[in-house]
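> no sequence for this one, just the structure:
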Ligand SMILES: O=P(O)(O)OP(=O)(O)OP(=O)(O)OC[C@H]1O[C@@H](n2cnc3c(O)ncnc32)[C@H](O)[C@@H]1O
Ligand SMILES: [Ca+2]
């Protein structure tokens, strides 16, 4: 018996309508994603620039930084794009012809005009900060110091950039800004503001201490949990929503050039003998000097009454241990008006955390090949001792390209660095591993200039800048995933039941 033919239900207009609705729904979801993604796409980068001149005692360098304007309050976005070393010595060396100080900077200011797009000149701030060389000139002749600064100011003011001042920064500023620079570049200010912060005992990032060795001064700066007993050494920062209790001290006349001068004066023979045998120079090394040159610094003026040969010759004898004994004579540890001191009666709390040592700390240790591997304190001393005992002719032959002034002083500088860190600051064999010798960090020089600019351009906010809970990539990813998931559900229902059950009244 033939089975009764069941009339095929006509496709009702409802089924077609549902299909069209489903397609429109999918299109609407896709349109929604595109709108949201386009709306939240990062804006085209507007790059900003800043220039800082570091007018140091031994030389001046011009640094150019840039950063994306829309992110300027985020940490770690400012990058160094250029360093221009100014020909000649530091600006304080122009004290006899102050009017020539400014023109000496012109070549590097012109270089900055090549690096920075012309349409940015007017909005690019240019700062000059002078350090210990100018502090010493100001001590010995304030009028000449002002004339040097005026010459520098005229040159920078006549540049096409936005001149923001030329000033002598304090040793405290120099220490503080060096600390800000290395912690900014090491990303130590970023506190993950996401859910991680809600975890109990989430380990906050610790900051690194800063050790800066210049030619005329040296700075030590680090966070201390102890009470800082002298106000001059105490700094309080609130950066990216966190408070920092920072210790800093700048030792004027303890940069390595002035320390050498102190060491020579302390060990000058009082007799008419016109030869100084100095263990801090390699054997066979000879250098002519004069009393007037030696005493031409406020760092040794107290000794200028000493009689001594007018002109004399320094002859190296290359003995590390005798050199170290001479160097120790410039550190006074006999008195301390506080609970604890570093040297010369200066308060210093217990050393805390890791340290980044830069400038001459780096130049010297880099020459001695001691910046990479984690050499122990004894290995470092051994390496310096070896270098000191090498004859000068051998050293000069091996390093023909290194400036004689630098090359001849690595023995002294090595012995000085060990004495400063160990006898001066109290580093020892146990915490020596906490010191890293840094030249550049992520392509930017370790030094005070970046921190100085960040502060003056207000790019380090006290509070964490508001940031979207999700990064742009995560946001887009989630949008696409859930939209596809939604369309997939729709499709499954539709295909599964033609007249999808899930669309039946009362299900959705
Ligand atoms: O901070 P202040 O005290 O003003 O001094 P500065 O800023 O001029 O000091 P630098 O860090 O430029 O240099 C510190 C010392 O290192 C020396 N120096 C600079 N570059 C050097 C290099 O490449 N190799 C060896 N020594 C270097 C320089 O002559 C100084 O004696
Ligand atoms: Ca310096």
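Thanks, I have it. Note that the coordinates shown come from a computational prediction; the quantities given were computed from them, not determined experimentally. Ligands and ions are numbered 1, 2, ... in the order given.

> Tell me how far whichever residue of the stretch 1-150 of the chain sits closest to ligand 2 lies from residue 101.
Of the residues in the stretch 1-150 of the chain, the one nearest ligand 2 is residue 56, at a distance of 4.1 Å by C-beta to the ion. Quick note: C-beta positions are derived from backbone N, CA and C, even for glycine. Per C-beta to C-beta, to the nearest Å, residue 56 is found 13 Å from residue 101.

> Next: residue 114.
Here the criterion is C-beta to C-beta. By it, residue 114 lies 23 Å from residue 101.

> Those two: who's more crowded?
Using other C-beta atoms under 10 Å, the more surrounded residue of residue 114 and residue 101 is residue 101, with 29 against 8.

> Alongside ligand 2, which residues does the stretch 151-300 of the chain contribute?
Proximity of the stretch 151-300 of the chain to ligand 2 (C-beta under 5 Å from the ion) is limited to residues residue 214.

> Poorly predicted segments of the stretch 151-300 of the chain, please.
Under the criterion of pLDDT under 70, the regions of the stretch 151-300 of the chain flagged as low confidence span 191-204, 269-272.

> For it, just list every one of the helices.
Applying DSSP state H, counting those that start in this stretch to the stretch 151-300 of the chain gives helices spanning 171-185, 256-266, 291-294.

> Now distance to residue 481 and mean neighbour count too, for those, in a markdown table please.
Formatted as a markdown table, the entries for those read as follows, by distance: least, C-beta to C-beta, whole Å; neighbours: other C-beta atoms under 10 Å:
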| stretch | distance to residue 481 | mean neighbour count |
| --- | --- | --- |
| helix 171-185 | 36 | 25 |
| helix 256-266 | 60 | 22 |
| helix 291-294 | 74 | 14 |
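
> and of these, who's closest to residue 453?
Distances from residue 453 to each of the helices of the stretch 151-300 of the chain were compared using C-beta to C-beta; the minimum, 8.8 Å, belongs to helix 171-185.

> can you pull the contacts of the closest residue to residue 441 other than its chain neighbours?
Nearest-residue entry for residue 441: residue 185, 3.8 Å, with adjacent residues in sequence omitted and distances by C-beta to C-beta, 6 or more residues apart in numbering. Shown in contact with residue 185 (C-beta atoms under 8 Å, 6 or more residues apart in numbering): 76, 441-442, 444, 446, 450.

> Among those, name the ones in strands.
Taking DSSP state E as the definition of strands, the contacts of residue 185 contribute 441, 444.

> Make JSON lines from the helices of the stretch 151-300 of the chain and add distance to residue 422 to it.
Formatted as JSON lines, the helices of the stretch 151-300 of the chain follow (distance: least, C-beta to C-beta, whole Å):
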{"stretch": "helix 171-185", "distance to residue 422": "20"}
{"stretch": "helix 256-266", "distance to residue 422": "15"}
{"stretch": "helix 291-294", "distance to residue 422": "27"}
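
> what comes up buried for the helix or strand hosting residue 322?
Residue 322 belongs to helix 320-328 when assigned by DSSP states H and E. When neighbours are counted by 16 or more other C-beta atoms under 10 Å, the buried residues of helix 320-328 are found to be 320, 322-324, 326-328.

> Equivalent analysis for stretch 486-494, please.
For stretch 486-494, the buried set under the neighbour-count rule, 16+ other C-beta under 10 Å, comprises 487, 490, 493-494.

> What of stretch 402-417?
When burial is assessed from 16+ other C-beta under 10 Å, stretch 402-417 yields the following buried residues: 407-417.

> what's in contact with it?
By C-beta under 8 Å, 6+ apart, the list of residues contacting stretch 402-417 from outside reads 213, 256, 259-260, 263, 280-282, 285, 287, 316, 318, 320, 323-324, 327, 360-361, 363-365, 367-368, 383-384, 387-388, 392, 395-396, 399.
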